[in-house]
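Q: Sequence first, then the predicted structure, then my questions.
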Amino acid sequence: MTQAVLLFPGQGSQEAGMGRDLAEASAEAMNLWKLAERASGLPLREIYWDGDDAAMNDTRALQPALTVVNLNLWSAVASRVKPLAAAGHSLGEFSALAAAGVLSPQSVLELTSLRGRLMAEADPEGKGAMAALLKLDMAQVEKIVADTAAACGEMILVANYNTPGQLVVSGTRAAVALACQKAKEAKGRGIELKVSGAFHSPMMAEASKELAPQLRKATWSRPKFPVYCNAHGKAVHEGESALESLLAQMTSSVQWINTMRNQYDDGARRWLELGPKAVLGKMIAPC
């Protein structure tokens, strides 16, 4: 039996047709899609299997749909893999918690459906934005963020510490645009992301506040194996600790570099990514 750390991706890993083969081969997998459609009130199979790009990028549909794919992939290999631990990138943390038995699949689909709707509604006027700053090191990006905030007086922060050379900033649209300009001046590159708001920033505070009561209402069990959480990158071993981390996740930075380094320091040498694309696997070596 293969021993590995499970990795579950988040938004950005979606693709047309994802999860269809598994669902058509397994009644259990198909039932999870149906459960997600009831929880979200959206025709998720139609959206993702027919490949409507605009609809696929809508976070209201994306969050429950990607969670279904992640969990169905885990179910397909669970009998052949002994998890040493798990982690999920942003949205993927819900899949990691379900795989570890902390939350039930039904609870996770209800929570991610609500999370998607709240995040979509958090910025109706489109004031927030995100951008990946590339070809720059961490110190350069953090300086750009500090200089940008000082120059324009608007909110901006590093939202995703993905790898030492791939960081994502989040903030007001004007601040993110200025940060991209400063990245170019520093011989780097800024790419604005196709998202509906400034995720993992204080601009998600209202959405986080509305999600919190539902998180607290859920049944949180002791993990079957450690789950490394985004808010701090450390392993949690109790349901209560996982809840506290998830309560902070929507407004705090994704500490993926620390997550991967802590796993390595704890002895991890093999990882298994369970998602539509090989996004997280490519981040392991740089971290």
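A: Alright, I've got the coordinates.

Q: And Thr219, its phi and psi?
A: phi -90, psi 120 (degrees, to the nearest 10).

Q: Also Val169?
A: According to degrees, to the nearest 10, Val169 has phi -100, psi 150.

Q: so for stretch 63-82, what's the average pLDDT?
A: The average pLDDT within stretch 63-82 is 98.

Q: in it, what counts as buried?
A: By neighbour count on 16 or more other Cβ atoms under 10 Å, the buried set for stretch 63-82 is 63-75. From N, CA and C alone the C-beta is placed, and that goes for glycine too.

Q: Stretch 143-158 too?
A: In terms of neighbour count (16+ other Cβ under 10 Å), stretch 143-158 has its buried residues at Ile144, Val145, Thr148, Ala149, Cys152, Met155, Ile156, Leu157, Val158.

Q: Can you spell out which helices and strands pack onto the helix or strand hosting the third one?
A: Assigning secondary structure by DSSP states H and E places Thr148 in helix 138-152. Counting by 3 or more Cβ pairs under 8 Å, 6 or more residues apart in numbering; DSSP states H and E, the packing neighbours recorded for helix 138-152 are strand 156-163, strand 166-172, helix 173-185.

Q: Could you pull up the residues touching Arg45?
A: Taking Cβ atoms under 8 Å, 6 or more residues apart in numbering, we find Arg45 in contact with Arg20, Ala23, Trp33, Glu37.

Q: 6 Å - rerun?
A: Going by Cβ atoms under 6 Å, 6 or more residues apart in numbering, Arg45 touches Trp33.

Q: oh, and call the first residue 814 from now on, that's how I've got it
A: From this message on, residue numbering opens at 814, which makes the last subject Arg858.

Q: do you know how far it is from Phe907?
A: 20 Å (Cβ to Cβ, to the nearest Å).

Q: One more: Val971?
A: Counting by Cβ to Cβ, the gap from Val971 to Phe907 is 22 Å.

Q: How about Glu955?
A: Counting by Cβ to Cβ, the gap from Glu955 to Phe907 is 28 Å.

Q: circling back: now for the buried residues of stretch 876-895: which two are most distant?
A: Gln876 and Ser888 (18.9 Å; Cβ to Cβ).

Q: re earlier: among the buried residues of stretch 876-895, name the ones in helices.
A: Judged by DSSP state H, the subset of these located in helices is 876-888.

Q: Relative to Ala911, which of the residues you listed is nearest.
A: Scanning these for proximity to Ala911, where the rule is Cβ to Cβ, the winner is Leu884, at 5.8 Å.

Q: Could I get the contacting residues of the spatially closest residue to Leu1093 that is not a sequence neighbour?
A: Excluding the flanking residues, the one nearest Leu1093 by Cβ to Cβ, 6 or more residues apart in numbering is Leu820, at 4.6 Å. Leu820 makes contacts with Ala900, Trp1084, Glu1086, Leu1093, as judged by Cβ under 6 Å, 6+ apart.

Q: Just flag the most distant two among those.
A: Ala900 and Glu1086 (10.4 Å).
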